[in-house]
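>>> could you look at this predicted model? Sequence included:
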Amino acid sequence: MDKRNETVTAPDSNLGHDRVDGSIFFIECKNETGRPRADQIRFHNFLMKQHTIHGIARSPEDALKIINGGLVGYGFK
């Protein structure tokens with residue numbers, strides 16, 4: 001991750017903060033076959049309404065794609 005991002009790891013997700021523009025992002029880390037739980041889908045729906053950067057990362061490259069691309073809902077169906 002580049003120096004402008006700070007990341008805090010929670011038990012089940014990652015929350016990050018961009019120190020340059022003040023935006024936040026949420027990354028849900030899953031393996032290749034992992035599926036979001038019902039509560040994670042509810043949170044996703046909330047974040048979609050807020051246009052907040054978030055997504056499911058199945059690799060470090062996915063996480064960087066979500067953060068650097070400002071993607072909203074990446075990996076959710």
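The structure has been received and is ready for your questions.

>>> from here on, contacts and neighbour counts on C-alpha atoms
Noted.

>>> average pLDDT across stretch 61-75?
In this model, stretch 61-75 has an average pLDDT of 96.

>>> ok, Leu47 - contacts?
Neighbouring residues of Leu47 by C-alpha atoms under 8 Å, 6 or more residues apart in numbering: 53-54, 73.

>>> out of the residues you listed, which are buried?
Burial by neighbour count, judged by 16 or more other C-alpha atoms under 10 Å, picks out 53-54, 73 from the contacts of Leu47.

>>> so where's this structure shaky on pLDDT?
By pLDDT under 70, the low-scoring segments of the chain are 1-12.

>>> quick test: name the residue nearest the centre of it.
Geometric centre of the chain, nearest residue: Ile27, 2.4 Å, by C-alpha atoms, centre = their mean.

>>> which ones are touching that residue?
13-15, 54-57, 63, 66.

>>> CA atoms only for the helix of greatest length in the chain - export them in PDB, please.
Scanning the chain for the longest helix, with DSSP state H as the assignment, gives helix 38-50. C-alpha atoms of helix 38-50 as PDB (Å, rounded to 0.1, in the frame of the first residue of the first chain):
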ATOM      1  CA  ALA A  38     -25.700 -12.100   5.600                       C
ATOM      2  CA  ASP A  39     -24.400  -9.300   7.900                       C
ATOM      3  CA  GLN A  40     -21.600  -8.500   5.500                       C
ATOM      4  CA  ILE A  41     -24.100  -8.200   2.600                       C
ATOM      5  CA  ARG A  42     -26.300  -5.800   4.700                       C
ATOM      6  CA  PHE A  43     -23.200  -3.700   5.400                       C
ATOM      7  CA  HIS A  44     -22.400  -3.800   1.700                       C
ATOM      8  CA  ASN A  45     -25.900  -2.500   0.800                       C
ATOM      9  CA  PHE A  46     -25.400   0.300   3.300                       C
ATOM     10  CA  LEU A  47     -22.000   1.200   1.900                       C
ATOM     11  CA  MET A  48     -23.500   1.200  -1.600                       C
ATOM     12  CA  LYS A  49     -26.100   3.800  -0.600                       C
ATOM     13  CA  GLN A  50     -23.300   5.900   0.900                       C
END
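
>>> okay then, goodbye and thanks.
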